[in-house]
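Novice: Have a look at this fold, sequence not included:
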DNA sequence: AATGAATGAGCGTTCATTCAT
DNA sequence: GATGAATGAACGCTCATTCAT
């Protein structure tokens, strides 16, 4: 359950840009100076998007934040959507990396659930600013809605496989439909993050981890007696 | 736990207190004809908002759908936000009504949880179009974000009170923090609705009700043995 | 050989605008005020296009000339191309009208040729400003190139039919291919107009009429002896 | 009536006298490598202009076609207009060469007219792509409009001289004004080329030559009886 | 009450040209 | 000589809102 495969799947899914207007745009810059400028733009965009939201972000704001002219922006990205895609892509990669449960983790199911939950919360907190904006963009842009769905499915599928495995091992309720259950639990954790970290309902991190872990584990019928 | 108090709280919270541009606008129309026009605009707005989203909805589209001129619109509503508020307000009222659990419902906790879940799913399905748009608007408009939070809190508080009551009755895990738990379970149900009904992950209604109910009830430590 | 049918053909060919962005735009204005504004815009556009050319004409220039705001322009026309089409359309109608040879004209072929030539020169002179711009636009816009071709074909076909008729009457060289001949003669007259009236090679009107008529009539083998 | 003098006149008229921005630009390159780069740019420009038109041609397109960087372009040409001038200049030289009637041609007037016509058609066909673009540029740029006029005048004057000579010889109608007649006949041939080769009205080459020659010769009153 | 015409600020994008290496 | 990155003025178009009947 390492994060690498998931991240790879996502990277593939997200890296389908439309044909560049000119042969140049969208290509990797050829000089160091170019690479530095591109990076400055990406960093600036991450800041501005997280601060102002997608809709209120003007290309000129990004350019200004990166200290380049607006024309320069277009040497590197075709549209606001394009740079947002690039920004989100790296965010997602980091999210997957941070939210993964290293294979060497304690084999105890409860510990694994707790680790997954804690890592997810931490990773979400780390990237809450941009994830909130992806949520925004997904509400009016079909491409990004699809991207959001794919991220979601990646987590849900991982969960679904974990549940199915535990069901085969006979340690959780085998009568639960794995996918629907995974969907519900993914909703619980991810939306809890959204509500607390984006909408601002305040909860103590450890209390949240403990509560979510308990609801999750007990919900699927895992015997907590031996686990704690 | 009837819906009326909740709805009343909400209605208060959602009322728009800003001073009307002219003495007339925003007031209840005096004549029958005026009342009819206002209603036509509201109905048209519900249709157009749900169809095109808030951002892509133009005042002229609403006016056209209502078969009035764009000038007429401003005789009844000050801004696009104002009519959206009005539309959402009535949606929320209906949502609360539909999602409530009548007091006369079987006193069995499991049945009450299942009923609440089923009603929520049905109510959400009924209003998914506009709820999705509220979700959209909440991502870039602070007023509507607050509105969304209040709706959410209404459901969460109801849940929180229910859990506290069951904890006092000694039928569920008393060590769980009621509010945090309620937040998590509200996330589970509401976001499941969003993912399945708005983003389009398809699940059988009854399977969803059963799964969510099981996760919920077992999660808080309710003994299912006697319940089913 | 009245102009009405030709004009009708053209009007048809030119009146196929793409679907209007909104239901409103492109429709006939509903009030007198609206009709007046639309007319003012058309008149202003004719002036500005003729003065500055298509490329150098800015929407704001047209709006300013018509003394309306730039937004108002878009209440009546979707694009610069759209208003240019409308302007050209009326120009073409007038051109056909002015360049036609009334049926009651002397039946003598030579007189008819001379009348047609004179009327064409006069009509071209009348509308040289805008015809020059159509020529310009036709060089980079396929739609207008097609429009220009159709106008051209209308004149050529009229000429072609006239030649064929005279060939049947045995009064001109029957061995000439009617269409190719008509193309060449249309070129001679229309391009002479372009060179003298647009590019500014100066010729006396009557000398030009006489010369073109002579070349035309003698070229197709008409016996001039009896004609003059 | 060889083409060389005409071409020389033209070359003078087309030279661009404005002061170069830097001492270097516009001067003949010093090194072989420089000469090769300049040639590559010229060839590339001819291709791109003919393919995309003047307006849609971007400096970067020319540079890309020539496989040099856009910066390099400005080492050789000051502006897009400057390289277009150079491209057209060489086109014109070739056009004059191809369209000329060698002095050793049969002294029969009819044969000379036919040869001139055929050569013009062939030469136009050869360079139709760029001539069409010159036509385009002439519609919005005064310098190129003047250039186009000069080319035109070169052909017209040649024709005018030919007609005057034949009038002196008493073999054509002496009452025709030579210049106006030449203008009309030049229009006939050149615009026939434009319509058929650029706008795409299709005619058989030989039929066109025959028809144009007949109209031309008979139009000026040349006795065809002995000529054929 | 209703109409529909008028307004104008605001922003994304292009591309010829210059500059630093 | 060659490179490719940087520049920024310029303009079309939208649409919420106001205004005159």
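Specialist: Noted; the coordinates are in hand. From a predicted model like this one, the values you see are computed outputs, not experimental measurements.
Novice: Could you list the buried residues of the top helix by length along chain A?
Specialist: The longest helix of chain A (DSSP state H) is helix A:109-138. Residues of helix A:109-138 classed as buried: A:109-110, A:112-121, A:123-124, A:126-138 (neighbour count, 16 or more other CB atoms under 10 Å in any protein chain shown). Just so you know, the C-beta spots here come from the backbone N, C-alpha and C atoms, and that holds for glycine as well.
Novice: which other helices and strands contact it?
Specialist: helix A:32-52, helix A:80-99, helix A:142-168, helix A:178-193, helix A:205-219, helix A:224-227 (3 or more CB pairs under 8 Å, 6 or more residues apart in numbering or on different chains; DSSP states H and E).
Novice: Let's see that with 10 Å instead.
Specialist: Counting contacts by 3 or more CB pairs under 10 Å, 6 or more residues apart in numbering or on different chains; DSSP states H and E, helix A:109-138 is packed against helix A:32-52, helix A:80-99, helix A:142-168, helix A:178-193, helix A:205-219, helix A:224-227, helix B:109-138.
Novice: Can you say which of the ones you listed is packed in most?
Specialist: Most buried of the helices and strands packed on helix A:109-138, by mean neighbour count (mean count of other CB atoms under 10 Å in any protein chain shown): helix A:178-193, with a mean of 24.
Novice: Contact distance from chain C - what residues of chain A qualify?
Specialist: Residues of chain A lying close to chain C (CB under 10 Å from any CB of the partner chain): none.
Novice: Which parts of chain A belong to which domain?
Specialist: A:18-77, A:101-223 (automatic domain parsing).
Novice: what about the last one and DNA strand F, touching?
Specialist: Right, the one you point to is domain A:101-223. No - Domain A:101-223 lies out of reach of DNA strand F by CB under 7 Å from any atom of the strand, never closer than 12.1 Å.
Novice: which residues of chain A score low on pLDDT?
Specialist: Scanning chain A for pLDDT under 70 picks out the ranges A:1-24, A:26, A:225-228.
Novice: check contacts around the residue in it positioned nearest to DNA strand F.
Specialist: Across chain A, the shortest distance to DNA strand F (CB to the nearest atom of the strand) belongs to residue A:71, at 1.6 Å. Contacts for residue A:71 (CB atoms under 10 Å, 6 or more residues apart in numbering or on different chains) come out as residue A:63.
Novice: Quick check: which element contains it?
Specialist: helix A:70-76 (DSSP states H and E).
Novice: tell me which residues in that helix are buried?
Specialist: A:73-76.
Novice: Which of those residues sits closest to chain B?
Specialist: Looking at these and their distance to chain B, the nearest is residue A:73, at 22.3 Å (CB to the nearest CB).
Novice: mind checking how far that closest one is from residue A:60?
Specialist: Going from residue A:73 to residue A:60 by CB to CB, to the nearest Å gives 8 Å.
Novice: Between the two ends of stretch A:47-65, how far is it?
Specialist: In stretch A:47-65, first residue to last residue: 8 Å (CA to CA, to the nearest Å).
Novice: so how far is stretch A:108-119 from its chain's centroid?
Specialist: Its chain's C-alpha centre and that of stretch A:108-119 lie 18 Å apart, by CA atoms, centre = their mean, to the nearest Å.
Novice: Quick one: residues contacting residue A:184.
Specialist: By CB under 10 Å, 6+ apart, the neighbours of residue A:184 are A:156, A:159, A:176-177, A:216, A:219-220, B:187-189, B:191-192, B:195-196, B:203, B:208, B:211-212, B:214-216.
Novice: Residue A:79 is in contact with residue A:143, correct?
Specialist: No - with contact defined as CB atoms under 10 Å, residue A:143 does not reach residue A:79; the gap is 11.4 Å.
Novice: hmm, back to that, and of the helices and strands packed on helix A:109-138, who's closest to DNA strand E?
Specialist: Among the helices and strands packed on helix A:109-138, the nearest to DNA strand E by CB to the nearest atom of the strand is helix A:80-99 (5.4 Å).
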